[in-house]
Each structure stands twice: as structure tokens, then as C-alpha cells.
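**Q** sequence and computational prediction follow.
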Amino acid sequence: MKVTVLGETRPDERRVALVPDTVKDMKKAGIEVVVQAGAGQRSSFPDELYREVGATIAPDARAAVQGTDVVLKVQPPSEAELGLLNKGVLLISLLNPLGDAATAKCIADKGVSAFALELVPRTTRAQSMDVLSSQAMVAGYKAVLLAADTIPKFLPMFMTAAGTIRPAKALVLGAGVAGLQAIATARRLGAKVEAFDVRAAVKEQVQSLGATFLETEQEVTAEGEGGYAKELSEEQHKRELELIAKHIKDADIVITTAQIPGRPAPLLVTEEMIASMKPGSVLVDLAAESGGNVAGSKPGETVQKNGVTILGPANLPSTIPYHASQMFSKNAWTFLKEMVKKDEGVVVDLANDVVGPTCLTHQGEVRNERVRQQLGLGPLPAPVGPGATATTGTGSSVGTSPSASTR
């Protein structure tokens, strides 16, 4: 079995899909690993480290994918990269399936079996494969560092001969993985932290980190499938905004992290709220790339309004590429192991409770129902019968269960 790691072509992407330590584990499992030259360079993993653990270094993407069974990437493949893949190859990567259905159709038409790591189910068993959670943790951490570097104040309290410096006040909106890490980081740096989330279940987690959980007099809750938030009703959203407006005017730092899978991010900080904030305050909008939680935020840009700085960082995990790559690599390898069968190579079992939901395309079909709806496709065709297998162009055995699971 042969696995290929391609370099990333997106200009702001510094991560790599597999790090040398993971390659070492894969070699022990009898897997041949090919790494495109320079793939790990920007994340501080030079080619020599891959050679030392037994990987083969290919001079370019075309050479790297020759005869491969599996391709691993961080970002979706470019049109040129997709053109290099043979029918039957397995692609494991972030693929933005709900935001770019057209690419999913192109991958299916190519005959590539693609697994979108965004679709890994949020279950206890799949935690070790959850790329979104591991990378969100990096983003939450870095968001606070950006804010601390921008704000014209100290974060912790200081007792000095010149008087007492009071701690900065931080407000975190959204207490998912990124929000909780932002809370923890702000607390470690000495800030006083408040947090709000529409999922009441996270209250205990917020408080365990030493932050104050904000609540409305009338409960505002929206617990969605898989632990994600879902859209609020108009009345609930109004109460949510009233609560945020009450507390944001005293905040020195605001970190917003609220996102809803497959939908634009909810607007949480309005123009009026920004106008009420103190000069020098900083807003970091982690949802800027998906529509933005903050009025006027722009992906990858810094905006000034009424003395308030609004940061819309893009691809924050890529700014800490060494550890972000380590976590991504571990997640991806753990997922791939679900399909690696001794003496059979890689086998796709769509009845597997992790593999099935994560499968975006297989045997020429887009398999995710939400993506099919976006593309205007009808119901999935009947799956291949029990025990049936399809041989890939590179010799792997790809089996399909009759009880294929989609998400």
C-alpha cells in the first residue's frame, strides 16, 4: 500500500498533512510513504527528516502520485492536482464540502474516492480523528495572542510603584473548541473573562476555566446535531444581541467564534455595539471567512472603526504550522487506519460509523446528501451488493457495504 503526501499550493497554507513521526508509525505498519519535495518545509519539517524515517521524496506532485493508493492533503486539491489523480485513488483532506459542492462533483467525475475531514462525526470514538477540533484549538489560542499583541494595554493585573494596573476584560462569544481555548489562553495571560454560547451545555466547561458564563433572563439555547450550534429563532437572536450589547461595551478584547455548518456565520456584533466600545478595544472575528460574526470584518484584513480594531484573521492554524501539522497528521492517520486492512490494503466500508459519514465521493458518485441537494442531484443509487469489491487503478481493494451511511 502506498500513501502520498502532497505539498500545499494555497499561498497562506504552511501546514503539511503528515509529519515525520507519523510517517514512522506508518512505515511500521508496512505502508510505503512518498512525500513531495518541500511539502513540510514551511512547517519546519525538511525533507531530510522524512528520509530519516523511511519516506521516499518525490521531486514534484506528478511523480509523487504515480502508482499511489491514497493521497493526503490539508487543503482541497487544485484543479491541476486533481488532474494528476487516477481513478480509484483515495483522497483524504479538508474539502469544504458544504461551501464548494462544485469541487465535490469534479472529484466524483474523476472517479476519486474523497473523504472530507470536515465530515468526521462528532462522536466519542471519532475524537482522535476530529481535525476541525484540533485545528480550532490552535485558532482559539492564536486569536488571543493576536488580540494581546494589538491591544494598547496589559492583560494581567500588575501591582507597581506607579499604582495598580487592572486586568483587561475579555469577552468570548461561542464556547466550542476554539472558544474554550480562547478562554483558557486569556485566563492564563491574566485577563478577566466572560463568555456566552447558545448551548447551555457548555456552561460548566466555561466556568471550569475560570470564566463567567453569561445568561439571559429567558433562556437562549440552540443545540444542534453533533454538538454544533443551530440557528436561533428571530426572538432568540434578539435576546442574544441584547445580552452581548450589555457586556461588550466594557470589554477590552472580544473573540468571536460562532459558526453554523453549511450556513453563513451569525452576526453577533453590530455596528451599534462597536460604536459603544472603548477606544483601543480589539475584536478578533474567527468566523470572518464564513460571513463574519462582526459587522464590517474582512477576511485576512484589519479594519479600524471608531478607535476599535477589528481583526479578521484567515487560516489561523497555519500560523502555528509545526504543532498544527502534528495534530492534523495524527488525526488523518487515525482516520486512515479505519480503512487499512492487513493483507487487503485499503478498504472502504461505508457501513463503518466513521468512514461512511466522512465519505464525500465514491465510485463516481457524490455520497453526502447535503452536497447532493446543493448540486440538484437525486437520491443515491443502490449500493454495491454484500461482499462486492471494486479494484482501484492502483491495485487496492475497495469494498462497499450495502448499508452505506451518509451524513
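**A** Good, I have the coordinates.
**Q** what about the helices in the stretch 251-400 of the chain?
**A** Using DSSP state H, counting those that start in this stretch, the helices of the stretch 251-400 of the chain run over residues 271-276, 321-337, 355-358, 369-375.
**Q** quick one, which of these gets closest to residue 143.
**A** Nearest of these to residue 143, taken as C-beta to C-beta: helix 321-337 at 13.7 Å. Heads up, the C-betas are built off the backbone N, CA and C, glycines and all.
**Q** hey, C-alpha coordinates of the helix or strand that contains residue 143 in CSV?
**A** For residue 143, the host element (DSSP states H and E) is helix 131-150. Once non-C-alpha atoms are left out, helix 131-150 reads as follows in CSV (Å, rounded to 0.1, in the frame of the first residue of the first chain):
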residue,chain,number,x,y,z
VAL,A,131,-9.4,17.6,12.5
LEU,A,132,-11.8,20.5,13.0
SER,A,133,-11.5,20.3,16.7
SER,A,134,-7.7,20.1,16.8
GLN,A,135,-7.3,23.0,14.4
ALA,A,136,-9.9,25.1,16.2
MET,A,137,-7.9,24.7,19.3
VAL,A,138,-4.9,26.3,17.5
ALA,A,139,-7.1,29.1,16.2
GLY,A,140,-8.6,29.9,19.6
TYR,A,141,-5.1,30.1,21.2
LYS,A,142,-3.6,32.3,18.5
ALA,A,143,-6.7,34.6,18.4
VAL,A,144,-5.9,35.7,22.0
LEU,A,145,-2.2,36.2,21.2
LEU,A,146,-3.2,38.4,18.2
ALA,A,147,-5.5,40.5,20.5
ALA,A,148,-2.9,40.8,23.2
ASP,A,149,-0.4,42.0,20.6
THR,A,150,-2.8,44.6,19.3
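**Q** low pLDDT regions in the protein?
**A** 217-232, 382-407 (pLDDT under 70).
**Q** and it, what are its domain boundaries?
**A** Domain ranges of the chain: 2-126+320-399, 139-319, per automatic domain parsing.
**Q** adding distance to residue 132, write those domains out as a markdown table.
**A** Converted to a markdown table, these look like this (distance: least, C-beta to C-beta, whole Å):
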| stretch | distance to residue 132 |
| --- | --- |
| domain 2-126+320-399 | 6 |
| domain 139-319 | 8 |
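**Q** possible to save the helices of the stretch 251-400 of the chain as JSON lines with mean neighbour count and distance to residue 145?
**A** Shown next, in JSON lines, are the helices of the stretch 251-400 of the chain (neighbours: other C-beta atoms under 10 Å; distance: least, C-beta to C-beta, whole Å):
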{"stretch": "helix 271-276", "mean neighbour count": "16", "distance to residue 145": "22"}
{"stretch": "helix 321-337", "mean neighbour count": "22", "distance to residue 145": "13"}
{"stretch": "helix 355-358", "mean neighbour count": "23", "distance to residue 145": "31"}
{"stretch": "helix 369-375", "mean neighbour count": "17", "distance to residue 145": "35"}
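**Q** nearest to residue 294, of those helices?
**A** Checking the helices of the stretch 251-400 of the chain against residue 294 by C-beta to C-beta gives helix 271-276 as the closest, at 7.5 Å.
**Q** show me where the stretch 1-150 of the chain has strands.
**A** Here the stretch 1-150 of the chain has its strands, by DSSP state E, counting those that start in this stretch, at 2-5, 32-36, 56-58, 70-72, 90-93, 113-116.
**Q** including distance to residue 312 and mean neighbour count, could the ones you listed go into JSON lines?
**A** What follows is the strands of the stretch 1-150 of the chain, written out as JSON lines (distance: least, C-beta to C-beta, whole Å; neighbours: other C-beta atoms under 10 Å):
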{"stretch": "strand 2-5", "distance to residue 312": "30", "mean neighbour count": "26"}
{"stretch": "strand 32-36", "distance to residue 312": "31", "mean neighbour count": "22"}
{"stretch": "strand 56-58", "distance to residue 312": "37", "mean neighbour count": "17"}
{"stretch": "strand 70-72", "distance to residue 312": "29", "mean neighbour count": "27"}
{"stretch": "strand 90-93", "distance to residue 312": "24", "mean neighbour count": "24"}
{"stretch": "strand 113-116", "distance to residue 312": "24", "mean neighbour count": "28"}
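**Q** rewinding a little: elements contacting the helix or strand just after the helix holding residue 143?
**A** Using DSSP H and E, the helix or strand that directly follows helix 131-150 along the chain is strand 158-160. With contacts taken as 3 or more C-beta pairs under 8 Å, 6 or more residues apart in numbering; DSSP states H and E, strand 158-160 sits against strand 163-165.
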